[in-house]
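Please find the sequence and the predicted model below.
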Amino acid sequence: MISSFVLEPVDSGPVANFAPGQYTSVAIDVPALGVQQIRQYSLSDMPNGQSYRISVKREGGGSQPLGYVSNLLHDHIKVGDEVKLTTPYGSFHIDVSAKTPIVLISGGVGLTPMISMLKVALQTPPRHVVFVHGARNSAVHAMRDRLREAANTYDNFDLFVFYDQPLSKDVQGQDYDYLGLVDVKKIEKSILLPKADYYICGPTPFMRMQHDALRHLGIHEKRIHYEVFGPDLFAE
């Protein structure tokens, strides 16, 4: 499950501006550990000067250990509660002054910074945007209705969705476009755009796979952008 949280200053003042794709660090007290934990969450809405929005996946469950911070946010943070966060930062963001096409490639909760990028890129001056997203199925595909609506609204926006474990109710051609993991070779004619920049976000193995696939399609390294939280596993 992914839930969004809108964060506003307690003094009702303006918030710092940010570049679409950047993130904030959120500090949460974890009673079970007796310490404060800090997590980074991408800002999932375009800058508006009044608030920030983060979209958080509930981690853990089943055989996986619970994510302390994500579960506290989902289960215990209520409207009006206060949380501590930093000014947005990070080098993974689009150039808002550019007019060239962008291709956004995300897996799972990695779509959150892409939503911010998309919203800004569709504004003036509008840019050609291709959004490629991979999810297990519709049950864990966050913001899917908003993305479909945007694809039906904007002529300069193309959306391609991959489901690798579709539900019986998921209809190909309606809920998703391709069966399986994200495979950019299947849509290379739609993503090989002149002077385009490519942005990848998702689990590290996903990003490595997409990075290598783009390189095999002839995309220059300087056109491929990604951000790794922690050690850079892309480094040779």
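Happy to help now that I have it. Numbers count the residues shown, from 1 in each chain.

how near is the residue in the chain sticking out farthest from the centre to Asn71?
The centre of the chain is farthest from one residue, Gly34, which by C-alpha atoms, centre = their mean lies 30.6 Å away. For Gly34, the distance to Asn71 equals 16 Å [C-beta to C-beta, to the nearest Å]. Heads up, the C-betas are built off the backbone N, CA and C, glycines and all.

In terms of helices and strands, where is Ser70?
helix 68-76 (DSSP states H and E).

Could you point out the longest helix of this structure?
If you go by DSSP state H, the chain has its longest helix at helix 204-216.

Pull out the buried residues from that one.
Judged by neighbour count using 16 or more other C-beta atoms under 10 Å, the buried positions of helix 204-216 are Phe206, Met207, Arg208, Met209, Gln210, His211, Ala213, Leu214.

wait, the second one sits on Tyr198?
I take that to be Met207. No. Between Met207 and Tyr198 there is no contact under C-beta atoms under 8 Å: 11.1 Å.

helices or strands next to the lowest-mean-pLDDT helix or strand in the chain in the packing?
The weakest-scoring helix or strand in the chain, judged by mean pLDDT, DSSP states H and E, is helix 68-76 (a mean of 84). When contacts are defined as 3 or more C-beta pairs under 8 Å, 6 or more residues apart in numbering; DSSP states H and E, helix 68-76 packs onto strand 2-7, strand 23-30, strand 35-42, strand 52-57.

and of the ones you listed, who's closest to Gly108?
Checking these against Gly108 by C-beta to C-beta gives strand 52-57 as the closest, at 7.3 Å.

For that closest one, give me every contacting residue.
1-7, 15, 18, 24, 26, 41-45, 70, 73-74, 85, 88, 108-109, 112, 115, 142-143 (C-beta atoms under 8 Å, 6 or more residues apart in numbering).

could you dump it to CSV, C-alpha only?
Output of strand 52-57 as CSV, limited to C-alpha atoms (Å, rounded to 0.1, in the frame of the first residue of the first chain):
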residue,chain,number,x,y,z
TYR,A,52,5.1,19.2,0.3
ARG,A,53,3.6,15.8,-0.6
ILE,A,54,5.4,12.5,0.0
SER,A,55,4.0,9.1,-1.0
VAL,A,56,5.1,6.3,1.3
LYS,A,57,5.0,2.6,0.6
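
Now do it, average pLDDT.
Averaging the model's pLDDT scores along strand 52-57 yields 91.

Could I get the full set of strands for this structure?
Applying DSSP state E to the chain gives strands spanning 2-7, 23-30, 35-42, 52-57, 84-85, 102-107, 129-135, 157-163, 178-179, 197-201, 224-226.

Let me have the ones you listed in CSV, extended by distance to Lys185 and mean neighbour count.
As requested, the strands of the chain are arranged in CSV below (distance: least, C-beta to C-beta, whole Å; neighbours: other C-beta atoms under 10 Å):
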stretch, distance to Lys185, mean neighbour count
strand 2-7, 28, 16
strand 23-30, 30, 17
strand 35-42, 27, 17
strand 52-57, 28, 21
strand 84-85, 40, 14
strand 102-107, 13, 25
strand 129-135, 12, 25
strand 157-163, 12, 20
strand 178-179, 11, 15
strand 197-201, 14, 24
strand 224-226, 16, 19
